[in-house]
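Asker: here's my sequence, what's the structure:
(2 chains)
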2 protein chains.
Amino acid sequence: MAKLMLALDVLDENKALKIIEEVNDYIDAVKIGYPLVLACGLDVIKKIKDICDKEVIADFKVADIPSTNEKIAKITLKYADGIIVHGFVGEDSVKAVKDVAKNLNKKVIMVTEMSHPGALKFIQPIAEELAEMAKKLEVDAIVVPSTRPQRLKRLKNIANLPIITPGVGAQGGKIEDILNELGEDDYVIVGRAIYQAEDPKNAAKKFKEQIKNI
Amino acid sequence: MAKLMLALDVLDENKALKIIEEVNDYIDAVKIGYPLVLACGLDVIKKIKDICDKEVIADFKVADIPSTNEKIAKITLKYADGIIVHGFVGEDSVKAVKDVAKNLNKKVIMVTEMSHPGALKFIQPIAEELAEMAKKLEVDAIVVPSTRPQRLKRLKNIANLPIITPGVGAQGGKIEDILNELGEDDYVIVGRAIYQAEDPKNAAKKFKEQIKNI
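Answerer: Sure, this is the predicted structure:
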C-alpha cells in the first residue's frame, strides 16, 4: 500500500499545526515548502514533529552551485527528514546534497518532471535523463507528477526508485489512475484537497481509504 | 562605472552585520542566499539595511511551480529589494514572480547560466534561450558568470538587459577581463575574496578601485 504525504502549503504556523493535529491518524508524511519556512522559520518542522512524529520533507527544490546546496542541506537536514532537490543544475549539485544527507542518515528526493505548463519547455524534454541521473546518484526517491500516469510509469521504471507524486486532488490527478503503479515505498502527495477542505480530517481519511482499497 | 555587489555568504548574523559595517563605504548592493536566511530568518535583511541602506537581493534561485513561486516572492520581497529566479522552470514560473515584483516595485533577476561544472550538462545548452526569455519577460537583470567573458558578452547582447556577474575572486574570474563589457547598470559580484579576507574593508576598497580605474 502506498503512503499518503500531506503537502502542508499554508503560511500560518498555527493553522499548519492545527491541520497536523486533525489529520495525524491518516497521513504518513508531511511535505513543507519555503513559503511556510520563510514565514515561520525552520523550527516549525520541530513543532510539526512534536505533534505527529511523522517524516517531514523539506520541498525546497534546491537548485544552486554545489557549495551553496551543501550549506542549504546542512541547515535544513538538522530539522527535516529529507530534502527535495532539482536535478537540472547537474550531478555535482545533487551530489553535494546527497553527501550531507548520507552522513545524517536523511533522504534526498530529486525532481524529474513538474506538472505546470512552463515545465514542458525545458524540463520535460530532459525528464528521462534526469531519471537516469537519479538512479546513478542513488538518491532516495524521485518526484513525478500524477497528472500524467504514463509518464509516471515510464520515469519510475527508468529510475527504479521510490516515487513521491503530487497532483492528486486540486491539480486534477486521480488517485485511481496511478495507484496500480505504486508500491509500499511510494507516496501520494495531497495538498489543497486536504488542507483547504471544510473538514481536513475527513478529507485525509477518505484519501487514506482510497489508497487502501485499490 | 559598474557597481559592486557583495555576496554575503556567511551563516552567522553577527558576522554578517559586522562585515556590512566594515565594507559599507565600498559596496553598492548586497546579495544574500538561503543559508543565511535559513539560519537567521528573513529579518536579517532589515538589519543589513539598517546598517548600510543598500539594495539587498535575495539569491534564492526560485524554481517551483507558479503558485509556489508567487508565495515565495510575496514573502521575500516584503524584505528584499530583488529576488533571483531560475528560468529553466519555464515562463509561467518566472512571470509569477515578475508580477509580484512589479506590484511592489522590486526587481526580478533571472539566471541564464551558472559557473559550476554540472551546469554544462543541462543549463549551458539552453542559456541563450533563457537570455531570450529574460528579454521577452522584461525581467530587471540576468545572472551571467564572469568566468567565461565571451559567454557573458554573448548572453548580455541577447538579453539586452543589465547583468549581475558572480565568479570574480575565489572562483577565478578576473575583473579586468570583464569590465569592458560592463556598464553603469551592471553589477560585479564578489563574495569570499571580500568576506573571507583578513581585512574585508580593504579588500572591498581594492575591488571598488579596480572597477573605477578601468
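
Asker: contacts for the helix or strand containing A:R151 next, please.
Answerer: For A:R151, the host element (DSSP states H and E) is helix A:149-159. Helix A:149-159 is contacted from outside by A:112-113, A:127-128, A:131-132, A:134-135, A:142, A:144-146, A:163, A:165, A:177-178, A:181, using C-beta atoms under 8 Å, 6 or more residues apart in numbering or on different chains. For the C-beta atoms, the positions are set from N, CA and C on the backbone; glycine is no exception.

Asker: now A:I32. Nearest residue, chain neighbours left out?
Answerer: Once flanking residues are discounted, A:I32 sits nearest to A:L8: 5.1 Å by C-beta to C-beta, 6 or more residues apart in numbering or on different chains.

Asker: ok, that neighbour - how many residues close by?
Answerer: Using other C-beta atoms under 10 Å in any protein chain shown, A:L8 has 24 other residues around it.

Asker: what's the spacing between it and B:K212?
Answerer: 50 Å (C-beta to C-beta, to the nearest Å).

Asker: could you point out which element follows the host helix or strand of A:I178?
Answerer: A:I178 is part of helix A:175-178 when elements are defined by DSSP H and E. The first helix or strand that comes after helix A:175-178 along the chain, using DSSP H and E, is strand A:187-190.

Asker: partner strands of that following strand and their direction?
Answerer: When pairing is defined by DSSP bridges, strand A:187-190 lines up against strand A:3-7 (parallel), strand A:163-168 (parallel).

Asker: now the longest one: mean pLDDT?
Answerer: What that stands for is strand A:163-168. For strand A:163-168, mean pLDDT is 90.

Asker: who's in contact with the strand ranked longest in chain A?
Answerer: Criterion DSSP state E: the longest strand present in chain A is strand A:55-62. If you take C-beta under 8 Å, 6+ apart as the criterion, strand A:55-62 is touched by A:5, A:7, A:28-34, A:37, A:45, A:48-49, A:69, A:72-73, A:76-77, A:79-86, A:93, A:97, A:107, A:109, A:111, A:164, B:34, B:63-64.

Asker: off-centre distance for stretch A:117-130?
Answerer: The chain centre lies 18 Å from the centre of stretch A:117-130; the measure is C-alpha atoms, centre = their mean, to the nearest Å.

Asker: er, stretch A:180-188 actually
Answerer: Centroid displacement of stretch A:180-188 relative to its chain, using C-alpha atoms, centre = their mean, is 13 Å.

Asker: could I get it in CSV with only the CA atoms?
Answerer: Output of stretch A:180-188 as CSV, limited to C-alpha atoms (Å, rounded to 0.1, in the frame of the first residue of the first chain):
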residue,chain,number,x,y,z
ASN,A,180,-1.7,0.4,-9.7
GLU,A,181,1.8,1.8,-10.4
LEU,A,182,2.6,2.5,-6.7
GLY,A,183,4.2,0.2,-4.2
GLU,A,184,4.6,0.5,-0.4
ASP,A,185,7.7,2.7,-0.7
ASP,A,186,5.8,5.3,-2.8
TYR,A,187,4.0,8.4,-1.6
VAL,A,188,0.8,10.0,-3.0
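
Asker: which residues touch that stretch?
Answerer: A:1-5, A:28-29, A:141, A:146, A:149, A:152-153, A:156, A:162-165, A:168, A:175, A:178-179, A:207, A:211, A:214.

Asker: let's see it at 7 Å
Answerer: Here stretch A:180-188 makes contact (C-beta atoms under 7 Å, 6 or more residues apart in numbering or on different chains) with A:1-5, A:29, A:149, A:152-153, A:156, A:162-165, A:168, A:175, A:211.

Asker: which stretches of chain A have low pLDDT?
Answerer: A:214 (pLDDT under 70).

Asker: the helix or strand just after the longest strand of chain A vs strand B:3-7, what angle?
Answerer: Heading C-terminal from strand A:55-62, the first helix or strand you meet, by DSSP H and E, is helix A:66-76. Between helix A:66-76 and strand B:3-7, the angle comes out at 40 degrees (axes from the mean of the first three to the mean of the last three C-alpha atoms, to 10 degrees).

Asker: picking up where we left off before, buried residues of the helix holding A:I178, list them for me.
Answerer: A:I175, A:I178 (16 or more other C-beta atoms under 10 Å in any protein chain shown).
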